[in-house]
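Asks: Need a 3D model of the following:
(chains A, B, C and D, ligands or ions: 4)
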Amino acid sequence: MSKRIVRVDHLARVEGRGGITVEIEQDQVKLAQFNLTEGPRLFEAFLRGRPYHEAVAIFPRICSICSAAHRLTAIEATEKAFGIEPTATVNMVRELLYFGDQIESHALHVFLLALPDFLGYPDALQMVDKFGVEVTKGLMLKKTGNEIMRLLGSREIHQENALVGGFGKLPSKEDLNYLRGLLVESLPYAELAVQLCASLNIPPHTHQPITHLAVKPRGGRYTVYGDYIHSSEGDEFPVEDYRSHIVEFVVPHSYAKQSLFKGKPYMVGALSRLKLNGHLLTGKAKEHFEQLKGTIDFDNALYNNLAQAIELVYFVEESIRIIDALMNHEPWGDSLAPVQPRAGRGVSITEAPRGLLVYNVAYDEQGKLVDADVITPTAMNQAIIERDIKLMAEGMKHLPDDELKFHLELVPRAYDPCISCSVHLVRK
Amino acid sequence: MERRKLKVGIWALTGCYGCQLNFVNLEDDLLKIVQNVDLEVFYMATRANNEETNFDVSFIEGSVTTPEDEEEAKKARERSKYVVALGNCAVNGGVQGFNSTQDFETNIRTVYGDDAHFHLPFGLSKPLDSVIKVDFYLYGCPPEKKDYIYFLTTLLLGTWPEDWTIPVCAECRLKGNPCVIIERGEPCVGPITVAGCEARCPSHNVACIGCRGPLKVVDNSDAMALTFKGKELPTDRILDRMRLFSAYKDLSKVEEALRNV
Amino acid sequence: MRYTKLRKENFHEFLRVLERYGKVYAPHRISEKFYDFREMRDPNDVVTEYPRTVMPPKKFFFEPLSELFKVGLRDFSYSTPEEDIQPFVIFGVHAYDIKGLMILDSVYMEPGLEEKQYAVRRQKALIVGISDMPDQYNFSNVRNADWVDEGFDLFLHPIEEGWLIRVGSPTGHKIIDDNSQLFHGTTLKDIDDFKEHEKRRQLSFPMCMSLSDVRYVLEVNWNNPIWEEEAKRCLGCGNCTMTCPTCRCYEVWDEPDVELSSASRFRRWDSCQFHDHGLVAGGENFREHKVDRFRHRYNCKNSYVKALHCDFCVGCGRCTAFCPAGISYMGIITHLMEAKVHED
Amino acid sequence: MKTDNYTDLYKLNKAHVVRVFDLTDKEKLFVFRFDDKDLASTWTYKPGQFVQIAVPGVGESTISITSSATRKGFFELCIRKVGRVTSVIHKLRPGDVVGIRGPYGNGFPMEAMEGKDLLLIASGLGMAPLRGVFLYALDNRWLYGRIALINTARYSSELLFREELDAMLDMTTAENLLIMQTVTREPEYPGLKGRATEYIDQTGVDPKNCAVIVCGPPRMYMDVFRKVLQLGFSPDHLYMTLERRMKCGVGKCGHCVAGTATNMVYMCKDGPVFTYYDIMSTPGLI
Ligand SMILES: Cc1cc2nc3c(=O)[nH]c(=O)nc-3n(C[C@H](O)[C@H](O)[C@H](O)COP(=O)(O)OP(=O)(O)OC[C@H]3O[C@@H](n4cnc5c(N)ncnc54)[C@H](O)[C@@H]3O)c2cc1C
Ligand code: SF4
Ligand code: SF4
Ligand code: SF4
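Replies: Ligands and ions are numbered 1, 2, ... in the order given. Model prediction:
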């Protein structure tokens, strides 16, 4: 029997450019590749020599959907390098901004990028006729996330207001009140996301044990910040030690660096967070999680969408709580702490919408960037995505090309990849 | 006058996808504008892409960084009446254009180490109009949401958008902000940057970093450099600052002005 | 003219009283070095001593950005933004800015060509002036704009006990009469305080020279090298014109709504320092080079307001104080006054 | 407070296209009528005045009125397709609607020219305002002496109103008129060739008692002045129109301001018609 090659040249409804190649020979899946064809941009290199404030402004250009996550992580790493302690107000506003990013990104992914697959549409806009309510509510939820980023960060994408030391300007109370209103209105939409995702028919073929990694949240709350990383296999290590646990290497068959944990592919993202930190959820999100826990297969990445939906409920509710806390937390104090650059290195790992985001930055005494290492969630997930593509191909190889392609696409999309985001990316 | 739907393509070269995402961010307006627009190509949002059509307008995001980028740009050009450089990467080559001012091989090694043996046909990020003819520019990193609507509605009315030709400072004043150059001596590039963002950053007490790119109709970067020099910013910092979003811009005028002080 | 006195302790009460006549806008400190007219929320935030606001009071009448009208694209219905502009009060306007408004009036309310948008706002506004202490950039004295006899409802001058108020309009009289509990008769001591203050103020102006021949000086110096030299430093950013109390250029453009059901015409302040200001169809530009635009402003600002027999420039000093490049307007004029046209 | 005592300067009056004529590749003649009957019958203007014509959502352009108010009920605009607004106007068909403001500008002082000969010199699009003068003078034929019109363009295909003027040739003797049409860049053209200045001495007007009106690109003006002054025409009655970008037409927006400190003019309000003396005392005007 001859070799059958199935190729998806341009993976749709993901951020960035990538494709899938599967080779089937004698009914055996010989090769499963996740090809990333984005051009190299080399942020870590060309930003060397730039002053810290420009570096933290340019790094987020790595990725648009998680630009706030990038910016806030770069800022935290820089502040660690300089030994800056932001005020409590600043920390609260930052977390709210970060949650805005989570809400926007998850809503976008669940409603516009992933859902059409399961409902049999090429895109969300074409769903409007039959699923108008879902689409408009999804957009509304997404807008809520965007409005948080706009009012706190200055805009929906690339938030120039978030600075090392704090913010150029803190939001006004009117802004916060307005956001609270939006959030309250959006909560039912987030719950609708849970309902929708829970009712989807998820193919079982990609079930295979998964090692999950997530940040161990700071302060015992389900949040995006933390000082330790823990795994579903019971490991725990401080963020500064990531290098000795996560090994990155260049693979000859791929355009991007891959990374392994203890020599194995691993997963990061919403599903991993739920697996590891789900017990910290509160309120309605907790209820939903308790209720659905039994049905979630943590060893099948396609459940990631459901995990994102549950997180949506949490992030919306928690954002309301942060706003209430901010309103009662007076006086707010200065928006910006004085920044005194010094030579040093800082590492921050946070939970971006798609999972662990590593920033490791070093500066000289004038505050110029001398070294940087950025690892994004998609780069981390790349190895496991390829593993799962292979599994899916195995399970669905009996299907004709078109249908097989459709199923293959489900896999990377479930991980919500952010291809332009995979910083260490290079052409062969 | 009768009106017909516009055939639109949204293409992506090398960038962060933010320009396209901001199109999706139109949210309520997105549903309205698609009444008059057929999105024939939009990989970020749909699986149903029809590259084999004649486009009224193609928005192209991203810088030209790989040979595939160049091919894609040419393909879109051939099939489109108007081509729009969408966002700073396409307009000016993007922040990644900064590689052009440094040694690319070294940068590659910095990121990938020595174990990577790859061959780079060309890896420098160039503006779109360096490889194809561009009819319009939508500035910004990312462009403003209202720019998309203005652009599409003017085309639908049978005309075309007016270009932005005023600097960020103008909008900074319209907003009633204090000036960060005067007050804090910070290197705000508002005076030489294309307006349209309503002076977003100075409105947040942050110096403009020039994400909408340098003004095209008039180049006052030499005067800007003199002002920065007066604020005791060293020459290399001045040049770097101006290259942040437009590394491809010819700064010889600036260098000359600085030499003569 | 009627004079009356407002005691220090009644000052906040006075501001509160003004609120009865409309929303009050007053000078506020908006950053370390900048002041601007902002809506008054708390009288404690209002400043009475400030060199100049970044935005001149023209912004209340000729708005920085506004919608002129809307037209239905199907039925051609024409509508302007609701004409329910409520009366408002601008507190704390300096004399040169009052003069600036009168100059704007001469253009925007030119008999027979009154612009409704401007005139309506002008009618609704109550102006309370306040005496300023000049700083190094203020040369309103040489522009005859350091003192006004009209163009305000009330005008406050600091005296030891508080404020001596000049009453400049029927509305001004009414405010005094309706709130007589707040005001007191002036004493001879008050008058002396007032005179003393004005004397001190006059002595503080950094400049004393006549500018009556400045128009000719500018013309005969058309080719003076200083234009090129200074234009080189100019950023073309438009700050000088945007902050000028008498600059009034605007740009308009049409924008359809997203559903193409109507279109609005917007306008925003424009500046002769922008490249496209002198552009006409076909790409010809009447002020192609920066130096053309740079020199034009000096000529335009020093040209003559026929209706008021004064210059367009009132000497507020904003264009110098708010120039990021640090170009000095009066510096250039002084230089030209002394320059020789024939370089030997 | 009463606020209705001010009229809205920017209000668009609805007018519709009655007919469209193709004049050249780039220029079309549009006949418009106001929808409001009263306005249509009372609206009047002087030769040399202009209107602001708006296509809502697209923008507004400044266009000289090329008809004469001696004929009521309609007005004509000759429009060259150059940009955003004029391109859309060129797509208009009878029945389509535009917004009109005006008339604006000082216009030509037709009364001051009464009893004189008229020498009208048009180059290119300058024929648009000049046609208004010409038609006005013809309709008030008894007020003026000999009327000479020189219409020039680079190529014969660019001569505006060429056919209309040709059709008038048979009445020129009876009406004491002269119509010359000359082209500058088309050697094969069977008619007159060369610049307008070469024909001024053949027009038969009386230099001692003649008003001269020139409309065209400003760079031709100085040449014409030199020539007519040399031929003994009086500088007291030399007129021309000027062009600047205009956003309001009513002396507010400042785009058309030109001149120096001693003499700043608004082209829209103080012009677009200027005299020889205006030009001499206002550097930068042309
Ligand atoms: C007093 C006067 C009379 C005119 N008479 C005629 C005429 O009879 N026929 C004719 O075809 N043209 C005439 N013009 C020129 C005409 O106004 C411009 O060609 C036209 O405005 C270009 O508009 P556009 O939007 O198509 O071009 P664009 O180049 O796209 O112009 C963009 C904008 O610039 C402005 N603009 C550009 N050029 C000019 C200009 N020269 N004057 C005013 N505004 C301008 C317009 O407001 C327009 O909205 C006249 C101009 C003036 C000042
Ligand atoms: S802050 Fe920047 S943009 Fe604003 S006026 Fe100053 S220089 Fe211009
Ligand atoms: S102020 Fe400058 S950096 Fe900020 S959004 Fe505008 S152009 Fe971009
Ligand atoms: S020109 Fe300068 S000094 Fe004169 S009124 Fe305007 S801003 Fe003030």
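Asks: quick one: residue A:282 from ligand 2, how far?
Replies: From residue A:282 across to ligand 2, the span is 43 Å (C-beta to the nearest ligand atom, to the nearest Å). All C-beta atoms are positioned from the backbone trio N, CA, C, and that covers glycine.
Asks: thought that residue was touching residue A:318?
Replies: Yes. Residue A:282 lies in contact with residue A:318 (C-beta atoms under 8 Å); the separation is 7.5 Å.
Asks: So for the two, which residue has more residues nearby?
Replies: Shown here are residue A:282 and residue A:318; by other C-beta atoms under 10 Å in any protein chain shown, residue A:318 has more neighbours (23 against 14).
Asks: where's that one, which helix or strand?
Replies: helix A:304-328 (DSSP states H and E).
Asks: I'd like to know which elements that helix is packed against.
Replies: Counting contacts by 3 or more C-beta pairs under 8 Å, 6 or more residues apart in numbering or on different chains; DSSP states H and E, helix A:304-328 packs against helix A:88-107, helix A:128-153, helix A:173-198, helix A:270-277, helix A:283-292.
Asks: Export the fourth one to PDB, keeping only CA atoms.
Replies: Think helix A:270-277. C-alpha atoms of helix A:270-277 as PDB (Å, rounded to 0.1, in the frame of the first residue of the first chain):
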ATOM      1  CA  ALA A 270      -7.100  25.700  31.500                       C
ATOM      2  CA  LEU A 271      -7.500  21.900  31.800                       C
ATOM      3  CA  SER A 272      -4.200  21.700  33.700                       C
ATOM      4  CA  ARG A 273      -5.200  24.500  36.000                       C
ATOM      5  CA  LEU A 274      -8.500  22.900  36.800                       C
ATOM      6  CA  LYS A 275      -6.800  19.600  37.400                       C
ATOM      7  CA  LEU A 276      -4.200  21.100  39.800                       C
ATOM      8  CA  ASN A 277      -6.000  24.100  41.300                       C
END
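Asks: any idea of the mean pLDDT in it?
Replies: Here helix A:270-277 scores 95 as its mean pLDDT.
Asks: likewise stretch D:267-283?
Replies: Stretch D:267-283 comes out at a mean pLDDT of 89.
Asks: What's the local residue count around residue 142?
Replies: No chain in the question, so chain A it is. So residue A:142, with other C-beta under 10 Å, has 26 neighbours.
Asks: my question was about chain C
Replies: Other residues close to residue C:142 by other C-beta under 10 Å number 21.
Asks: Which neighbouring residues are in contact with it, exactly?
Replies: Listed by C-beta atoms under 8 Å, 6 or more residues apart in numbering or on different chains, the contact set of residue C:142 reads C:205, C:207-211, C:315.
Asks: can we see that at 10 Å?
Replies: C:205-212, C:214, C:311, C:313, C:315, C:330, C:333 (C-beta atoms under 10 Å, 6 or more residues apart in numbering or on different chains).
Asks: What remains of the residues you listed if I keep only buried residues?
Replies: Buried members of the contacts of residue C:142, scored by 16 or more other C-beta atoms under 10 Å in any protein chain shown, are C:205, C:207, C:211, C:214, C:311, C:313, C:315, C:330, C:333.
Asks: Please name the nearest non-neighbouring residue to residue C:137.
Replies: residue C:317 (3.0 Å; C-beta to C-beta, 6 or more residues apart in numbering or on different chains).
Asks: should've said residue A:49
Replies: Nearest one to residue A:49, counting by C-beta to C-beta, 6+ apart, is residue A:368 at 5.6 Å.
Asks: Same check on residue C:211?
Replies: Residue C:211 sits nearest to residue C:142 (C-beta to C-beta, 6+ apart), 5.2 Å away.
Asks: helix, strand or coil for that neighbour?
Replies: Following DSSP: H, G, I helix; E, B strand; the rest coil, we place residue C:142 in the helix state.
Asks: Now name the helix or strand holding the residue of the stretch 151-286 of chain D found nearest ligand 2.
Replies: Here the stretch 151-286 of chain D gets closest to ligand 2 at one residue, residue D:254, 21.0 Å apart by C-beta to the nearest ligand atom. Under the criterion DSSP H and E, no helix or strand holds residue D:254.
Asks: Mind pulling up the pLDDT for it?
Replies: Note for residue D:254: predicted pLDDT of 90.
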